[in-house]
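Asks: When you get a sec, could you give me coordinates for this:
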Amino acid sequence: MPEPVLRMEIIALGTVQGVGFRPFVYRLARKWNVTGTILNTDQGVVIEVEGKEPSVQSFINTLSMSPPPLARITSLHQHQHHSLKGFKEFSILKSMSLHKSQALIPADVALCKDCLDDILDPHNRRFSYPFTNCTNCGPRFTIVETIPYDRLGTSMKSFPLCSQCRMEYEDPGNRRFHAQPNACAECGPQLSYHDADGKKLKAFSPLEEVARSLKQGQIVAMRGLGGFHLVVDAGSEEAVTRLRKRKGRKSKPLAVMTASVDEVNRFCILDNTAAELLQGVERPIVLLPRKESCLAEAVTPGIAEIGVMLPYTPLHQLLFLQPDCPRTLVMTSGNRSGAPIFTANKAAVEGLCGIADCFLLHNREIMTRVDDSVARISRRGVQLLRRARGYVPAATVLQQEFPSILACGGGLKSTFCLTRGSEAFLSQHIGDLFNLESLDFYRESIYHFKRLLQVEPEAVVCDLHPDYLSSHYAKELNLPLYKIQHHHAHAAAVLAEHGIEEKVLALVLDGTGLGDDNSSWGGEVLLADCLDYERVGSLTPMLLPGGDAAAEEPWRMGLSLLFNLGQNEPEIQFAEKQKQRALWQMMEQGFNCPVTTSCGRFFDGIAALLGVCLLADYEGQAAMELESLAWREKGGQDLGGLLENCSWKEATVCSDNRLILQQDILVQKVLNQLTDGRAAATIALDFHLCLIRSFFDLLCKLAEKTGVSHIVLTGGCMQNTLLLEGLFILLEQNNFIVHTGQQIPVNDGGIALGQAIIGGLRHVSGCTHESNRNPG
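Replies: Numbers count the residues shown, from 1 in each chain. Below is the predicted model of the structure:
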């Protein structure tokens, strides 16, 4: 008796478009001798197959268990039809649009080895072509305008395929089969070299000219994958200093790019995990401990780490192959200070005039602005600090479905989040929402995400702080509005990432966020789940002399810590005598001195007391330099052993129904050590150890009181690796289950995800919201 023939319809959801999925399925169908069709739709990839039952099952099993490397299948919906269509072969159909989209656009992917071989092979027609790609690599999210993901929906629609590229595009056996950005030197995008005024210069090889300019110490503005970079020789003190002066970036660390892992080893300490991350398809900037090196000191002044990335486009690879190209290049965002990176040629030439000495441009339009991602290796593996290129727009899968929610994020390191069903889509890094350019980028990105996801939100969520531009934007929408406390959103982001539904103790340490009592929080322990929270612990409130000015002038917090001790006006001199005297009087009179429990400001104050940083050029500078000092002192010593042997005093008291960590005890110890003449680095390390022990003690007391064993560590201060790793060591030694952000940043770049899940739960449970609907 012949085996029965089945007809199965399969809908694959997830990241299955633009990742070589259709040619993979085509080859799989031929392998298992099944016939049928496959097509991209805005519902996902729809596959119909007919064949003998064992062959069909083998086809489905292989598809489920061994998809192509860049695909991420979130579900395979299967339906057996009782009638057959009698397919004669397996074919790929033209993409179509059905209803609302369920498709996911893939992230941009670093150049693959096969394409690298192509551009290095003198006999290959893509030899030295800087826009080479295939289904396994190249631009995706940055070139997409509409869905489904086909060439006409991308910026490649301006480049009709030549006959050879079309043959590749239409050949199911070719790795460029249906590779939407496919191109070559005959039909694809081209480079051009321009002077400081944007005038195009004749150049046989634009890359040769750029390499020569870099060797001469010039600043090059280079159009890349998701925007412009400003590029200089990282080994030239003069060139890096000139870049800082022209860009107005006094001391904020600069990222570098170098050709290989071997090159990274020249100036950084590198382990296998970090090397793997550097070479992965996402190619983020990775923060690595620096060695005494050949790089200019001006690259990362005062910081013990360097942000390093490897080439991720053929353009980068070919640049490093030029004989005149320096071995390591500074690659910093091509923008004016505080504004988004430029993406368009004309705007960049106008906006970077006076900064760049020359321009390397190309004519492939960037549809979506995307910065480089930033990551580091933590005790738990990879920890993303800035989530952008290579990771966006991948979804976070939630524990339940919601109506579509728009979460607007915060004010610093801003992102937003859109939900669709049980998926949450956190945007790329937008930046600090302080000006019109950033707000325009924010609005454009929300519109773009809504178009790609084909959703219209039913409710909007924002931070409690009324002055954030993101909060103003949320209020403009005619939607139910939910305001979410800042630190609860931090905690919920970690819960959402890890799928945790039970209550946790969340230690949330950051700069500042508005509390539900209308004061400034930032050193909190919350008993929380994704719906609600209770504030059960915090630092002792401190004065914030001058309000927001204290974040830019850490010496103010140093003075505040001394004032909190109840001392008379101190002899220690932070600033000009008259200015310091005026500030002390402000604190005595309670004028313009709001209170805060901010751990970030506490770090600032300690850094000021030690003379590490009195004036900050960028957010978090004082805390970062204090941590770097502590790491240098630690050296190769075991952190667990140091914590076990450190001398600290219990510093918790109960007040206002919560446990308070009295940081005055830590401040007094720092002052005693200064009086004893101990070195600043020694004190910095001891301070970190005592603070870790104090927070651990606080969490233990609260865990005993609440019966909770799950601990969440989050907030911008958890980017301090010494603090984070120390807490992990002590908590795990005592059998706590500890969670922190990994794929979702612990800083304000992750709070939109937390806002989205809190807002979604409140919306479906009928919680009270503010109405934004216009009257009448």
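Asks: drop to CA atoms for contacts and neighbour counts, all remaining ones
Replies: OK.
Asks: Just give the nearest non-adjacent residue to residue 397, would you?
Replies: residue 423 (4.7 Å; Cα to Cα, 6 or more residues apart in numbering).
Asks: average pLDDT across the helix or strand in which that neighbour is found?
Replies: Counting by DSSP states H and E, the element that carries residue 423 is strand 417-426. The pLDDT scores in strand 417-426 average 96.
Asks: For the helix or strand just after that strand, which outside residues touch it?
Replies: Downstream of strand 417-426, the next assigned helix or strand under DSSP H and E is helix 436-453. Helix 436-453 has contacts (Cα atoms under 8 Å, 6 or more residues apart in numbering) with 101-105, 145-147, 339-340, 368, 415-416, 418, 420, 427, 430-433, 456, 469.
Asks: rewinding a little: tell me the contacts of the residue nearest to residue 397?
Replies: So residue 423 contacts 395, 396, 397, 398, 401 (Cα under 8 Å, 6+ apart).
Asks: Whichever of the contacts of helix 436-453 count as buried, I'd like them selected in ChimeraX; how would that read?
Replies: The following ChimeraX line selects those of those that are buried, judged by 16 or more other Cα atoms under 10 Å:
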select :101,102,103,104,105,145,146,147,339,340,368,415,416,418,420,427,430,431,432,433,456,469
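Asks: still on that earlier bit, dig out what the residue nearest to residue 397 forms beta bridges with.
Replies: According to DSSP bridges, the partner residues bridging residue 423 are residue 397, residue 420.
Asks: Quickly note the distance from it to residue 529.
Replies: For residue 423, the distance to residue 529 (Cα to Cα, to the nearest Å) stands at 19 Å.
Asks: ok, back up a step: from the contacts of residue 423, pick the one nearest residue 576.
Replies: Nearest to residue 576 among these is residue 396, at 50.7 Å by Cα to Cα.
Asks: Show me which of the contacts of residue 423 is closest to residue 654.
Replies: Distances from residue 654 to these, taken by Cα to Cα, are shortest for residue 398, at 36.5 Å.
Asks: Name the nearest residue to that closest one, ignoring sequence neighbours.
Replies: residue 422 (5.1 Å).
Asks: these two touch, right, the one you found and residue 395?
Replies: No. Using Cα atoms under 8 Å as the test, residue 422 is too far from residue 395 to be in contact (9.4 Å).
Asks: Residue 692: what secondary structure?
Replies: helix (DSSP: H, G, I helix; E, B strand; the rest coil).
Asks: Next, the contact list for it, please.
Replies: Contacts of residue 692 by Cα under 8 Å, 6+ apart are 723, 726, 727.
Asks: Am I right that the second one sits in a strand?
Replies: No. Assignment of residue 726 by three-state DSSP gives helix, placing it outside any strand.
Asks: burial of the residue nearest to residue 398, as a residue count?
Replies: By other Cα atoms under 10 Å, the residues close to residue 422 number 15.
Asks: Now for it: which residues touch it?
Replies: Residue 422 neighbours (Cα under 8 Å, 6+ apart): 397, 398, 399, 400, 401, 402.
Asks: please redo it, this time with the cut-off set to 10 Å
Replies: 395, 396, 397, 398, 399, 400, 401, 402, 403, 404 (Cα atoms under 10 Å, 6 or more residues apart in numbering).
Asks: if I look at residue 615, how far off is residue 230?
Replies: Taking Cα to Cα, one finds residue 615 at 26 Å from residue 230.
Asks: cool, residue 413 as well?
Replies: For residue 413 relative to residue 230 (Cα to Cα), the value is 21 Å.
Asks: the more surrounded of the two?
Replies: Looking at residue 413 and residue 230 with other Cα under 10 Å, you find the greater number of neighbours at residue 230, namely 22 against 19.
Asks: Stretch 556-573 spans what distance, first to last residue?
Replies: End to end - Cα to Cα - stretch 556-573 spans 11 Å.
Asks: All the helices of the stretch 301-450 of the chain, in order from the start?
Replies: All helices of the stretch 301-450 of the chain, identified by DSSP state H, counting those that start in this stretch, fall at 314-321, 345-351, 436-453.
Asks: winner for burial among those?
Replies: Compared across the helices of the stretch 301-450 of the chain, helix 314-321 shows the largest average neighbour count, a mean of 20 (mean count of other Cα atoms under 10 Å).
Asks: Identify the residues contacting it?
Replies: By Cα under 10 Å, 6+ apart, helix 314-321 touches 110-112, 115-116, 119-120, 127-133, 138, 191, 206-208, 210-211, 223-225, 257-260, 310-311, 325-329.
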